[in-house]
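S.K.: Here is the input, now give the coordinates:
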Amino acid sequence: MMNIQTGHVGEHLRQWRQRRHLSQLDLALDAEISARHLSFMETGRAAPSRDMLLRLAERLDVPLRERNVMLVAGGFAPAFPQRTLDDPAMKLAREALETVLKAHEPNPALAIDRHWNLVSANSMVTPLLGGAAPKLLQGKINVMRLALHPDGIAPRTVNLHEWRAHLLERLHRQCETTADAELIALHDELKAYPVPPRPGPPPKVPDSVVVPFQLRFGHDVLSFISTTMVFGTPVDVTLSELALEAFYPADDKTAQRLREIAGSQ
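M.R.: Residues are numbered from 1 along each chain as shown. Reported below is the predicted structural model:
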């Protein structure tokens, strides 16, 4: 995987264009400029204006964090603030996040940052983490690591091979999209975890249209489907990198068991 290094702004433009598998002509047509002008910007023969950089970054779907990097490389101030979640300006976004998490009960839901570190979770997540090693639940909790580590919930994941492949592919796509060095390192770490041999044929999932997450919980097997939600049109780096993972019961038995767990808390 290619990782963007510091350098003149043209290098950033070229590497993001190549990452998106676009030719100079493709990008130039989309940005309504000449391919010659784009070529000059990439080689450093022409210096793009701030507006031009933002236009090209928009067409290339560059993450807000990296748009700031490009602007600095071009000699401009960053355009997108990066606030912490406890910043007063983030109050409404923070309240919206907590409202959605709470409203999703008795189904589990959690919020993560760009590196899959846990930001917040509703009350239904903790009961499902039984058996995970304390070291994985202390400090900054990485959800991907918790899911696939041999000391996490991987041993209780019934369809571990399918779920692992799904998570790794998702993380791989995220690495390709963002060029984030920490995500790339996490992907390499997770791939190196030992995987027990499949005890039998792949579990049957009748009429399934998605890869479910099947978790052993006591004597039961809970089956979930998941969705990912993000904030629309964010202009803050932190907010643009937040995602909410919501899990829904994939069968009536799971729905009933979740109601029982919620009622016992």
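S.K.: from here on, contacts and neighbour counts on C-alpha atoms
M.R.: Will do.
S.K.: Quick check: closest non-adjacent residue to residue 37.
M.R.: The shortest distance from residue 37 to any non-neighbouring residue, by C-alpha to C-alpha, 6 or more residues apart in numbering, is to residue 46 (7.5 Å).
S.K.: tell me the phi and psi of the one you found?
M.R.: Main-chain dihedrals, residue 46, degrees, to the nearest 10: phi -130, psi 140.
S.K.: Touching stretch 139-154 from outside, list them.
M.R.: The contact list for stretch 139-154, computed with C-alpha atoms under 8 Å, 6 or more residues apart in numbering, reads 112, 115-118, 129-133, 136-137, 160, 164, 167, 190, 193-195.
S.K.: same thing but at 7 Å, please
M.R.: By C-alpha atoms under 7 Å, 6 or more residues apart in numbering, the surrounding residues in contact with stretch 139-154 are 116, 117, 118, 129, 132, 133, 136, 160, 164, 190, 193.
S.K.: So what would you say the end-to-end distance of it is?
M.R.: Across its full length, stretch 139-154 reaches 20 Å between end residues, using C-alpha to C-alpha, to the nearest Å.
S.K.: Mean confidence (pLDDT) on that stretch, please.
M.R.: The pLDDT scores in stretch 139-154 average 97.
S.K.: So for it, what gets flagged as buried?
M.R.: Residues 141-154 are the ones in stretch 139-154 that count as buried (16 or more other C-alpha atoms under 10 Å).
S.K.: Which of the three states applies to the residue nearest to residue 210 when sequence neighbours are not counted?
M.R.: Once flanking residues are discounted, residue 210 sits nearest to residue 225: 7.2 Å by C-alpha to C-alpha, 6+ apart. Of the three states, residue 225 takes strand under DSSP: H, G, I helix; E, B strand; the rest coil.
S.K.: can you pull the contacts of residue 225?
M.R.: Contacts of residue 225 (C-alpha under 7 Å, 6+ apart): 212, 213, 247, 248, 249, 250.
S.K.: Take those residues and lay them out in a markdown table including distance to residue 64, pLDDT and secondary structure.
M.R.: Formatted as a markdown table, these follow (distance: C-alpha to C-alpha, whole Å; pLDDT from 0 to 100; DSSP: H, G, I helix; E, B strand; the rest coil):
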| residue | distance to residue 64 | pLDDT | secondary structure |
| --- | --- | --- | --- |
| 212 | 31 | 91 | coil |
| 213 | 31 | 95 | strand |
| 247 | 27 | 97 | strand |
| 248 | 30 | 97 | strand |
| 249 | 34 | 97 | strand |
| 250 | 35 | 94 | coil |
